[in-house]
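Asker: Pasting the sequence and the predicted coordinates here, then a few questions.
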Amino acid sequence: VRIIDSRVSESNFRMISIVGGGLAGSEAAWQAAQRGVPVTLYEMRPVRPTRVHQTDYFAELVCSNSFRGAQLENAVGLLKEEMRQLGSLIIRVADETRVPAGGALAVDRERFAVGVTAALESHPLIHICREEVTTIPDNDAQSPFIVATGPLTSEALSSEIVKLVGDEHLFFYDAISPIVSTDSIDRNKVFRASRYGRDTPVELPAAVASNSVSTRGELTETGDYLNCPLDREQYLLLHQAILDAECAAVHDFDNTKFFEGCLPVEVLAHRGVDTLRFGPMKPVGLRDPNTGRRPYAVVQLRQDDLAADHFSLVGFQTQMKWGDQQRVLRLIPGLEQAEFVRYGMIHRNTYINAPRVLEPTWQMRNRPELFFAGQVSGVEGYVESAASGLIAGLAAAALQSGFSFPCLPRTTALGAIGFYVSHASPINYQPTNIAFGLFPALDDSPRDKRSRRRAMADRALRDLTRWQESLFVERMVSPSEQIQYRD
């Protein structure tokens, strides 16, 4: 393994240095380069691989292939729309590689990573170094430096970060869902449907249409998910099998930290017999065409690539040992002969205590030239990670170019997540997904929830447009005015 010193050298004195080629690092590099500022983007893969990455592409999705809800009435849908308005590379490529997923934005994970990688490699202002970075520049560094190493930051760089933030890392455990081969799914036992008929309004490629899984054996393109229906007896059998399964890494469910929005099925099963049925296996909005009724429980399968060769088990993050995964998951109707393209697994996510050290612009309070972005900065979720990289990239470009960088309004999704990360209580700090609960209330709020959320989205997009007009306009007059804080 070739290891380099990350201190900014004379040759890249005017460059922004970004460590980590995940969603945040890729987006940060793109944003800065699009503003005319040269970037050096460091990625240690494939020189030094990780246990969960399978390729050396930038922005590889190691967990789900879903970017979650797409509608503006959904907070993450609004966040994506704001990123589109700011020219996000991640969201643009996600839109281009979209696969059917009902009301969500899901992608062909390989084509997505290939698309992001091609864009970065072809940009004339982005210089890519496939090397491991183990140090962080000193206080006298002359150029912005963005740490976007994700939850799997190497031990050497983790030690540097601990010295810098003056505190031990916080962490939680994350789990990955299995993926199965489409050809191994029993087409006579599954049905294709989206909850409440919310199908993705995209034209399916011929390969997808030809590989569409049937409703009781009949070829159909209706619905974006494959649904494995379970009656009460089948559900109870599966639930007990999950409880009895041997887990690979962590056995103490009560004391182990998991992100609440991405809990392993074993943790949910231990919380009660009906927890899964009211969680990832909820049957609401679905009707089994074979019985004409709503199933007792459902396991949904989401298309994982444009060719529809692979499907992932939605919400079935697991830490079961691989042998038990095969035995237990083959109890699901339609998956009795399932061939696993990838088994589920567990990994540790590390992040800093952001409220102690970060500003809403993702800059360190005592070192404005140093940024953190992505999951290592204390956010959770693909979109939130990319969003933090977007703002860090813009702020770093402004800093390098001598412009002031105004904080985003809290009324925007981008501003709300930045404000949370920098202002939440540092005591027992937990990462969060974007949610409308992080936004200021409307002055005249509609009573209907959907109307209220739409009004908040409209306000956010208006305020974002006004904020954009202030970018790269005002020159900095002193270091103390490099950041304008707005509560």
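Answerer: Yes, it's here. Residues are numbered from 1 along each chain as shown.
Asker: Surely I126 is in contact with V37?
Answerer: No - I126 is not in contact with V37 according to C-beta atoms under 8 Å; the separation is 10.2 Å. C-beta here means a position set from N, CA and C on the backbone, and glycine is covered the same way.
Asker: And the helices in the stretch 301-450 of the chain?
Answerer: 322-329, 354-357, 382-401, 413-423, 449-468 (DSSP state H, counting those that start in this stretch).
Asker: any chance of these in JSON lines, plus mean neighbour count and mean pLDDT?
Answerer: Output for the helices of the stretch 301-450 of the chain, formatted as JSON lines (neighbours: other C-beta atoms under 10 Å; pLDDT from 0 to 100):
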{"stretch": "helix 322-329", "mean neighbour count": "18", "mean pLDDT": "91"}
{"stretch": "helix 354-357", "mean neighbour count": "20", "mean pLDDT": "90"}
{"stretch": "helix 382-401", "mean neighbour count": "28", "mean pLDDT": "96"}
{"stretch": "helix 413-423", "mean neighbour count": "24", "mean pLDDT": "95"}
{"stretch": "helix 449-468", "mean neighbour count": "16", "mean pLDDT": "95"}
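Asker: Spatially central residue (nearest the centroid) of the protein, please.
Answerer: Y382 (1.2 Å; C-alpha atoms, centre = their mean).
Asker: Confirm for me that it is in contact with L23.
Answerer: Yes - between Y382 and L23 a contact is recorded at 5.9 Å, counting by C-beta under 8 Å.
Asker: residue contacts, the spatially closest residue to the residue nearest to the centre of the chain that is not a sequence neighbour?
Answerer: Spatial nearest neighbour of Y382, excluding adjacent residues (C-beta to C-beta, 6 or more residues apart in numbering): F67 at 5.4 Å. Residues near F67 by C-beta atoms under 8 Å, 6 or more residues apart in numbering: V76, K80, I91, A94, A104, L105, A106, V107, Y382, V383.
Asker: can you confirm F67 is in a strand?
Answerer: Yes - if the criterion is DSSP: H, G, I helix; E, B strand; the rest coil, then F67 is within a strand.
Asker: who's in contact with R342?
Answerer: By C-beta under 8 Å, 6+ apart, the residues touching R342 are I176, P178, I179.
Asker: could you dump these to CSV with pLDDT and neighbour count?
Answerer: Converted to CSV, these look like this (pLDDT from 0 to 100; neighbours: other C-beta atoms under 10 Å):
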residue, pLDDT, neighbour count
I176, 75, 22
P178, 90, 23
I179, 89, 23
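Asker: Show me which of those is closest to K189.
Answerer: Nearest to K189 out of the contacts of R342 is P178 (C-beta to C-beta; 17.8 Å).
Asker: ok, how many other residues are close to the spatially closest residue to the closest one that is not a sequence neighbour?
Answerer: Nearest residue to P178, sequence neighbours excluded (C-beta to C-beta, 6+ apart): G344, at 4.6 Å. G344 has 24 neighbours, counted by other C-beta atoms under 10 Å.
Asker: I'd like the distance between G344 and I352.
Answerer: Using C-beta to C-beta, to the nearest Å, one gets 27 Å for the distance from G344 to I352.
Asker: next one: H239
Answerer: Taking C-beta to C-beta, one finds H239 at 37 Å from I352.
Asker: Could you do F58 as well?
Answerer: Separation of F58 from I352 (C-beta to C-beta) stands at 23 Å.
Asker: try K321
Answerer: According to C-beta to C-beta, K321 and I352 sit 32 Å apart.
Asker: of the two, who's got more company?
Answerer: More crowded of K321 and I352, by other C-beta under 10 Å: I352, with 25 against 15.
Asker: That one reaches Q375, doesn't it?
Answerer: No - contact criterion C-beta under 8 Å: I352 and Q375 do not qualify, at 10.2 Å.
Asker: Confirm for me that R365 is in contact with F371.
Answerer: No - with contact defined as C-beta under 8 Å, R365 does not reach F371; the gap is 11.7 Å.
Asker: neighbour count winner among these two?
Answerer: More crowded of R365 and F371, by other C-beta under 10 Å: F371, with 30 against 11.
Asker: Just grab the bridge partners of the more buried one for me.
Answerer: Beta bridges link F371 to I146, Q363 when assigned by DSSP bridges.
Asker: Touching, it and P144? I think so.
Answerer: Yes - the criterion here is C-beta under 8 Å, and F371 meets it with P144 at 6.5 Å.
Asker: Give the residues shared as contacts by these two.
Answerer: With C-beta under 8 Å, 6+ apart, F371 and P144 have common neighbours A396.
Asker: quick one, what contacts the residue nearest to W362 when sequence neighbours are not counted?
Answerer: Using C-beta to C-beta, 6+ apart and skipping the chain neighbours, the partner closest in space to W362 is A392 (4.3 Å). Listed by C-beta under 8 Å, 6+ apart, the contact set of A392 reads A24, A28, I146, A148, T361, W362, Q363, F371, F372, A373.
Asker: Could you dump these into a markdown table with pLDDT and distance to D448 added?
Answerer: Below are the contacts of A392 laid out as a markdown table (pLDDT from 0 to 100; distance: C-beta to C-beta, whole Å):
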| residue | pLDDT | distance to D448 |
| --- | --- | --- |
| A24 | 96 | 35 |
| A28 | 98 | 38 |
| I146 | 96 | 41 |
| A148 | 94 | 39 |
| T361 | 96 | 35 |
| W362 | 96 | 35 |
| Q363 | 95 | 39 |
| F371 | 96 | 40 |
| F372 | 95 | 39 |
| A373 | 95 | 36 |
